[in-house]
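**Q** Sequence first, predicted coordinates after that:
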Amino acid sequence: MPLTAAGQTRLREDLRGLIKGDVRCGEVTQQLYATDASILQARPICIVYPRNTDDIIAVAQYAAEAEIPLHLRGAGTSLTGESLGEGIILVFSRYMRRLLRTGDDFVRIQPGMLRRRLNSIIGQSQKRLFGPLAGNVSSASLGSILARNGAGIHYLRYGLPSEHLLSLTVVLANGDVLTLDRNALIQPLQGDGSVALAQEIAYGKEYIYAGKVAQILENRTSNQLLESANQLAVNRAGYAEHSILRDSHVDLTQLFTGSEGTLGIIVDATLKTVSLPNRKGAAAFFFRSIFSALEAVSAVLPLRPALCELVDRRRLTMIRDWDSRYRPLIPQDAEAALLVELNSGTLEEPLDAGDCQNNLKHLIDLIQTKRQLSFHAIRVHTERDFQLFDQIIRRSELILGRMHQTIQPIPLFDDIAVPVGAIHTVVGDLFSLLQKHNMTASLSGHIGQGHLRVHPLLDTSQPDMIPTLASLVEEVYATIWQQGGTISSEWGTGLLK
């Protein structure tokens, strides 16, 4: 929605008169915020850096009255374009990034605060952290993590971000402010006219909105709600309808988390923290076939691992070439690797060290000797070992960016997930589809929760690339849905899906 020069000037002056934060409408700033980490582009008309909640209320009301779309942006690392749009962009990373309060087992934060920064502070002072992570390890903001509510690398250990949420303060599109506490769930009140006004005065807007949401859900059929409840646990597509109603009470925090900013703007949140993990048992398994690696997952999951990651041959080879420390560790003929960390408790409540090592020994013996799936395994013992272990996981996500300029990984299927029991079948079907279109691909993912990143490797200079990809997308998505999977697990839905 481009504006004339006069319209830009009026918009800028209007907003500057309303808020204490910064307003930027220049061409250079517009271009900077027209992209994120996705393959999409959308040029906004204005960028606002709010300083406080009052600024957000004012911008929301102005945008609603002027019928201008409002888009929220944290660190801009989304792969699906959630932070892009042609309206007003609200950027929290400049001013609204503070740690507001620290308790023994909780923190209260603003949305622009980075998870890495929070964990650095409370890790040093309290030996605690906020566990869940969906997105970029180094730059994911907590507001975006909550808005996405994705199942990231630590899902097997910590679950979803919404499970660690205590309270939210949210600004709605009309400027209303809701304070939502999971320890004081709302029993919706019913009424209209003067009755509704009296209820709002007596109990607050939260009760009125809770009643509206409850009414909407009551109109849903039991089959529709059951379908929502039976979806894949790591499915992030749509709203979590089944988790909102709890014993005639309404938990609106579960409605806003995972909504990707479509329902309201998170301005602060109170989060549970946990003791730092006691890391004592991990191993890297190497396989001559990616299907052997997938088969080994069934041996890992009964031990309730903290982490189970898949890395394919192409990524392993590039990591070996990039960092010489991995050359003696990663076999040249490995087609795939499973990186597994077992749960060893926390620093506050560590599990018995002997039991941890016995579990790891049992797992190695099972995968390597009894089932003869892996031809090589490396135990992870020391702090340096764990640093290398963590780095290979992080680098496996980024390493394809170092490929030759002509052949490029296409991030179309980097966030699919299926039931773990269907992984073997799905990967076989995906390889068949790629072969049908004369393509190769690189494969990795949080395989312990059924998550896959499938990056087709294509010559971007070929003129028929777009039609071929369009056909492939339809076929891949159909395969995922047939197996009860999702196309949105960690990164959200955004504009791309």
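**A** Nice, thanks for sending it over.

**Q** in this structure, which ranges drop under the pLDDT threshold?
**A** 1, 135-137, 185-203, 221-231 (pLDDT under 70).

**Q** all strands for the stretch 101-250 of the chain, in order.
**A** Secondary structure of the stretch 101-250 of the chain (DSSP state E, counting those that start in this stretch): strands located at 106-109, 128-129, 165-171, 177-181, 245-246, 249-250.

**Q** next one: the stretch 351-497 of the chain
**A** Under DSSP E, counting those that start in this stretch, the stretch 351-497 of the chain gives strands at 376-380, 407-409, 413-417, 440-445, 451-459.

**Q** these two touch, right, Glu475 and Leu433?
**A** Yes. The pair formed by Glu475 and Leu433 meets the contact definition of Cβ atoms under 8 Å, at 5.2 Å. Heads up, the C-betas are built off the backbone N, CA and C, glycines and all.

**Q** out of these two, which sits in the more crowded spot?
**A** Leu433 (19 against 16; other Cβ atoms under 10 Å).

**Q** Burial check on the residue nearest to Ile410 when sequence neighbours are not counted, number of neighbours?
**A** With Cβ to Cβ, 6 or more residues apart in numbering as the criterion, Ile410 has its nearest non-adjacent residue at 4.9 Å, and that residue is Pro456. Applying other Cβ under 10 Å, we find 23 residues neighbouring Pro456.

**Q** who touches Pro456 in this structure?
**A** Pro409, Ile410, Leu412, Phe413, Leu434, Met439, Thr440, Ala441, Leu469, Leu472 (Cβ atoms under 8 Å, 6 or more residues apart in numbering).

**Q** Can you classify Ile89 as helix, strand or coil?
**A** Put simply, Ile89 is strand when judged by DSSP: H, G, I helix; E, B strand; the rest coil.

**Q** can you offset everything so residue one is 34?
**A** Sure, I'll start counting at 34 from here, so that last one is Ile122.

**Q** For Lys469, give its distance to Phe446.
**A** 15 Å (Cβ to Cβ, to the nearest Å).

**Q** who's more crowded, those two?
**A** Comparing Lys469 with Phe446 by neighbour count (other Cβ under 10 Å), the higher total belongs to Phe446, at 20 against 11.

**Q** Could you give the bridge partners of the nearest residue to that one once chain neighbours are set aside?
**A** Once flanking residues are discounted, Phe446 sits nearest to Val487: 4.0 Å by Cβ to Cβ, 6+ apart. Partner residues in beta bridges with Val487, using DSSP bridges, are Phe446, Leu476.

**Q** What is the neighbour count of the nearest residue to Asp47 once chain neighbours are set aside?
**A** Spatial nearest neighbour of Asp47, excluding adjacent residues (Cβ to Cβ, 6+ apart): Tyr95 at 6.7 Å. Neighbour count of Tyr95, defined by other Cβ under 10 Å: 20.

**Q** hang on, Tyr95 in a helix?
**A** Yes. Counting by three-state DSSP, Tyr95 is located in a helix.

**Q** Look up how far Leu105 lies from it.
**A** 15 Å.

**Q** Which strands and helices lie in contact with the helix ranked longest in the chain?
**A** Criterion DSSP state H: the longest helix present in the chain is helix 498-515. Applying 3 or more Cβ pairs under 8 Å, 6 or more residues apart in numbering; DSSP states H and E, we find helix 498-515 packed against strand 446-450, helix 456-469, strand 484-492.

**Q** what's in contact with the shortest one?
**A** Here strand 446-450 makes contact (Cβ under 8 Å, 6+ apart) with 112-113, 184, 265, 267-268, 463, 482-489, 509, 513, 518-525.

**Q** Report how many residues lie close to the residue lying closest to Ala302 once chain neighbours are set aside.
**A** Nearest non-adjacent residue to Ala302, counting by Cβ to Cβ, 6+ apart: Leu201, 5.2 Å away. Around Leu201 there are 23 other residues, counting by other Cβ under 10 Å.

**Q** what does Ile249 give?
**A** 11.

**Q** Equivalent analysis for Thr42, please.
**A** 12.

**Q** now for the helix or strand containing it, which elements pack on it?
**A** Thr42 belongs to helix 38-51 when elements are defined using DSSP states H and E. Here helix 38-51 touches strand 55-57, strand 79-82, helix 86-99, going by 3+ Cβ pairs under 8 Å, 6+ apart.

**Q** Of those, flag the one that's most buried.
**A** strand 79-82 (a mean of 23; mean count of other Cβ atoms under 10 Å).

**Q** Tell me the strands beside it, with direction?
**A** Checking strand 79-82 against DSSP bridges gives partners strand 55-57 (antiparallel), strand 121-124 (parallel).

**Q** Relative to the whole chain's centre, how far out is that strand?
**A** 24 Å (Cα atoms, centre = their mean, to the nearest Å).

**Q** which other residues reach that strand?
**A** If you take Cβ under 8 Å, 6+ apart as the criterion, strand 79-82 is touched by 41, 44-45, 48, 52, 54-58, 62-63, 66, 88, 92, 120-124, 127-128.

**Q** so Leu198 sits right up against Ala302, yeah?
**A** Yes. At 6.5 Å, Leu198 counts as touching Ala302 under the criterion of Cβ under 8 Å.

**Q** quick one on the thing from earlier: pipe the contacts of Pro489 into JSON lines and attach distance to Glu100 per row.
**A** Shown next, in JSON lines, are those (distance: Cβ to Cβ, whole Å):
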{"residue": "Pro442", "distance to Glu100": "39"}
{"residue": "Ile443", "distance to Glu100": "36"}
{"residue": "Leu445", "distance to Glu100": "33"}
{"residue": "Phe446", "distance to Glu100": "36"}
{"residue": "Leu467", "distance to Glu100": "44"}
{"residue": "Met472", "distance to Glu100": "44"}
{"residue": "Thr473", "distance to Glu100": "47"}
{"residue": "Ala474", "distance to Glu100": "43"}
{"residue": "Leu502", "distance to Glu100": "35"}
{"residue": "Leu505", "distance to Glu100": "38"}
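
**Q** Among the residues you listed, name the buried ones.
**A** For the contacts of Pro489, a burial check counting by 16 or more other Cβ atoms under 10 Å picks out Pro442, Ile443, Leu445, Phe446, Leu467, Met472, Ala474, Leu502, Leu505.

**Q** which among these gets closest to Arg348?
**A** Nearest to Arg348 among these, counting by Cβ to Cβ, is Pro442 at 10.1 Å.

**Q** and Leu467, what is it in contact with?
**A** Here Leu467 is in contact with Thr473, Ala474, Pro489, Leu505 (Cβ under 8 Å, 6+ apart).

**Q** Swap in 10 Å and give it another go.
**A** Thr473, Ala474, Leu476, Val487, Pro489, Leu490, Leu505, Glu508, Val509 (Cβ atoms under 10 Å, 6 or more residues apart in numbering).

**Q** quick revisit: who are the contact partners of the residue nearest to Ala302?
**A** Taking Cβ under 10 Å, 6+ apart as the criterion, Leu201 is in contact with 179, 211-215, 285-286, 288-290, 297, 299-304.

**Q** So which of the residues you listed are in helices?
**A** Using DSSP H, the contacts of Leu201 in helices are Leu179, Thr286, Leu288, Phe289.
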